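J.: just coords:
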């Protein structure tokens, strides 16, 4: 016990023992500065200095741009910018997909193609084969009303399918003799109207020119986009009076009758109407005589 007490006193004496730190002039040995220190003072001072240094470092990292130079420590501004770029990228991808679909529709209109998805009926019957005895086939009231309503609608009637188009008025692009009508079987999704060359071709309704160029097969072609996905197509023109992006009004001259393109047999207007990617018979809505 006495040894422990003696040892404690010895440690206390060493910690509190005073030392004098003197700074002398090297040439004259003149005393410039002197300090009285103890081991305890040096230890406390060094500890406080280290704590202050650590605190200052933390403040610099937390509140200054220096933290951006530390690996794995990203700034809030960079995170915000990365998030905004992600949203913009996603928006651009959606816009690109929409544009590609839109261009595919224009390509279909120019080529006169309709997507025909063939379905293997036998495989469908096998996959969804049901026992008729287990199904209640008696129609309900709502089903009967729906069937009656659908039966009154014309598949290619663009006005009946959209009530917003009831106020849409179509003007005949030209007047003349219809040499060839609309025929789904021969894939002639238009009417050919014979008219004198250079006869003005007019817009059937208000719209925007989305295509106005020369094509090898159908010569000068102009396509207008109207409300609710309705497109009007004018082919084999002799000249075009409007450019892509121009807004036109119904009855405004947009081209002239011609005989251009490899697939023409004389001066006429090849006129088509497309409703949401599906061709419709123009003679159901216009009188060309």
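T.: Perfect, I can see it now. Remember, predicted model here, so these are calculated numbers, not experimental data.
J.: the helices in the protein, which residues?
T.: Secondary structure of the chain, counting by DSSP state H: helices at 2-16, 39-63, 76-111, 121-127, 141-151.
J.: wait, which of the ones you listed is closest to residue 235?
T.: Residue 235 sits nearest to helix 76-111 of all the helices of the chain, at 8.8 Å, using Cβ to Cβ. Where C-beta positions appear, they are placed from N, C-alpha and C, glycine not excepted.
J.: what comes up buried for the closest one?
T.: Using 16 or more other Cβ atoms under 10 Å as the test for burial, helix 76-111 gives 105, 106, 108, 109, 110.
J.: Surely residue 204 and residue 168 touch.
T.: No: in this structure, residue 204 is not within contact of residue 168 by Cβ atoms under 8 Å, at 9.6 Å.
J.: quick one on the thing from earlier: out of the buried residues of helix 76-111, flag the one nearest to residue 227.
T.: Ranked by distance to residue 227 (Cβ to Cβ), those are led by residue 105 at 15.9 Å.
J.: ok, the closest one - contacts?
T.: Counting by Cβ atoms under 8 Å, 6 or more residues apart in numbering, residue 105 touches 231, 274, 277.
J.: Swap in 10 Å and give it another go.
T.: Applying Cβ atoms under 10 Å, 6 or more residues apart in numbering to residue 105 gives the contacts 210, 229, 231, 274, 276, 277.
J.: Of those, grab the buried ones for PyMOL.
T.: Command for PyMOL, covering only those of the contacts of residue 105 found buried under the criterion 16+ other Cβ under 10 Å:
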select buried, resi 210+231+274
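J.: Show me which pair in the contacts of residue 105 is furthest apart.
T.: 210 and 276 (14.7 Å).
J.: For this protein, name the helix or strand with the lowest mean pLDDT.
T.: helix 121-127 (a mean of 49; mean pLDDT, DSSP states H and E).
J.: any idea how far the closest residue in space to residue 216 that isn't next to it in sequence lies from residue 30?
T.: Closest residue to residue 216 apart from its sequence neighbours, by Cβ to Cβ, 6 or more residues apart in numbering: residue 262 at 6.1 Å. Residue 262 sits at a distance of 111 Å from residue 30 (criterion: Cβ to Cβ, to the nearest Å).
J.: Please apply the same query to residue 13.
T.: Counting by Cβ to Cβ, the gap between residue 13 and residue 30 amounts to 33 Å.
J.: what do you get for residue 177?
T.: As for residue 177, its distance to residue 30 is 125 Å (criterion: Cβ to Cβ).
J.: and those two? which has more neighbours close in?
T.: Per other Cβ atoms under 10 Å, whichever of residue 177 and residue 30 has more neighbours is residue 177, with 11 against 8.
J.: Can you verify my assumption that that one contacts residue 288?
T.: Yes: contact status for residue 177 versus residue 288: in contact at 8.0 Å, counting by Cβ atoms under 10 Å.
J.: shared neighbours, those two?
T.: 192, 193, 194, 195.
J.: What's opposite the second one in the beta bridge?
T.: The bridge-partner assignment for residue 193, based on DSSP bridges, gives residue 178, residue 269.
J.: burial of it, as a residue count?
T.: Residue 193 is flanked by 25 other residues according to other Cβ under 10 Å.
J.: and it, what pLDDT?
T.: Note for residue 193: predicted pLDDT of 95.
J.: give the contact list for it.
T.: Residue 193 neighbours (Cβ under 10 Å, 6+ apart): 172-180, 199, 201, 257, 268-271, 282, 286, 288-289.
J.: how far away is it from residue 100?
T.: For residue 193, the distance to residue 100 - Cβ to Cβ - is 33 Å.
J.: Residue 216 too?
T.: Here residue 216 is placed at a distance of 24 Å from residue 100 (Cβ to Cβ).
J.: Name whatever forms a beta bridge with residue 257.
T.: Beta-bridge partners for residue 257, by DSSP bridges, are residue 237.
J.: tell me the strands in the stretch 151-289 of the chain, going along the chain?
T.: Here the stretch 151-289 of the chain has its strands, by DSSP state E, counting those that start in this stretch, at 177-180, 191-194, 200-202, 207-215, 219-225, 230-240, 247-248, 253-257, 268-275, 278-280.
J.: The fifth one pairs with which strands, parallel or anti?
T.: With DSSP bridges as the test, strand 219-225 is paired with strand 207-215 (antiparallel), strand 230-240 (antiparallel).
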